[in-house]
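>>> predicted model follows, preceded by the sequence.
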Amino acid sequence: MTSETLGLRERKRLETRAQLERATVLLVAEVGLENATVDAICARVLVSPRTFFNYFESKEDAILGMRDLPVDDAFVAQHRADTAGQSIVEQIVGLLLHVIGPAIGDTALHDARLAIVKEHPELLRRQFAQMTRMGEQLVAGVSDLLSHDRAFSAYDAAERASLAELILPLCGGAIRAAVKEWVADGTERDADELRTRAVELAGKAIQALS
């Protein structure tokens with residue numbers, strides 16, 4: 001089997017996944033979460049329910065575009081390069097949002113997805129459960145970020161891992177609080193505004209504890 005064949009197969013897989021995400025979000029936007037069925041979603045993409053469940057555990061996961069991204073050395077190194085010059089809190093919040101956030105560039109679809117989440121904030125529990133499931137990978141990733149930050153570089157690896165265990169839930173809680181604010185006050189916010197608010201809340205918590 002050639003690398004070219006594998007490349008074509010991977011592109012096809014990603015295309016099918018994106019089609020399922022789009023079909024799910026648009027169907028839920030039209031008929032509501034309760035009335036949208038996996039069979040109806042599959043009918044729009046012309047695939048079987050079995051194919052759907054090869055990509056997602058549920059329609060809720062398809063709405064969110066949930067996927068377990070590998071937080072390996074290469075991933076963290078790229079994230080560190082992309083966020084060079086940012087504070088450590090900005091880097092960690094950005095890492096978490098990248099892991100739990102849907103990876104879709106279609107603005108209209110992104111807005112439809114956010115509207116569904118706003119109407120059904122309970123969906124966010126699935127995303128935060130994902131952070132728990134990926135705990136060890138995230139701790140290792142945050143430890144790596146800390147090792148390149150001047151304020152933490154003097155600590156040994158074991159202590160950085162302990163600090164990462166403490167900082168992760170704080171930053172995750174800041175994201176959750178920022179989303180809850182957005183849901184409660186009805187203000188339209190994009191991903192950058194949510195990130196900014198989460199960083200602000202995490203910073204205030206750290207300052208208050210200092």
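The structure has been received and is ready for your questions.

>>> need the pLDDT of residue 100.
Per-residue pLDDT puts residue 100 at 66.

>>> heading C-terminal from the lowest-mean-pLDDT helix or strand in the chain, find the next helix or strand.
Ranking every helix and strand in the chain by mean pLDDT, DSSP states H and E puts helix 124-133 at the bottom, with a mean of 71. Sequence-wise, the next helix or strand downstream of helix 124-133 (DSSP states H and E) is helix 135-147.

>>> quick one: average confidence on that following helix?
The average pLDDT within helix 135-147 is 90.

>>> which elements pack onto it?
Applying 3 or more Cβ pairs under 8 Å, 6 or more residues apart in numbering; DSSP states H and E, one finds that helix 135-147 contacts helix 73-82, helix 88-100, helix 157-185. Just so you know, the C-beta spots here come from the backbone N, C-alpha and C atoms, and that holds for glycine as well.

>>> tell me the contacts of residue 29?
112, 115-116 (Cβ atoms under 8 Å, 6 or more residues apart in numbering).

>>> now do the SS call for it.
Three-state assignment for residue 29 (DSSP: H, G, I helix; E, B strand; the rest coil): helix.

>>> look at the closest residue to residue 28 other than its chain neighbours and report its pLDDT.
Using Cβ to Cβ, 6 or more residues apart in numbering and skipping residues adjacent in sequence, the residue nearest residue 28 is residue 36, 4.6 Å away. Turning to residue 36, the model gives it a pLDDT of 96.

>>> which SS state does residue 36 fall under?
On the basis of three-state DSSP, residue 36 is classed as coil.

>>> I figured it hits residue 25, correct?
No: under the criterion of Cβ atoms under 8 Å, residue 36 is not in contact with residue 25, lying 9.5 Å apart.

>>> of these two, who's got more company?
residue 25 (29 against 22; other Cβ atoms under 10 Å).

>>> check contacts around the more buried one.
Going by Cβ under 8 Å, 6+ apart, the list of residues near residue 25 reads 62-63, 109, 112-113, 116.

>>> with residue 12 instead?
The contact partners of residue 12, by Cβ under 8 Å, 6+ apart, come to none.

>>> tell me which helix or strand it sits in.
helix 3-31.

>>> which parts of that helix are buried?
Neighbour-count burial for helix 3-31 flags 16-29 (criterion: 16 or more other Cβ atoms under 10 Å).
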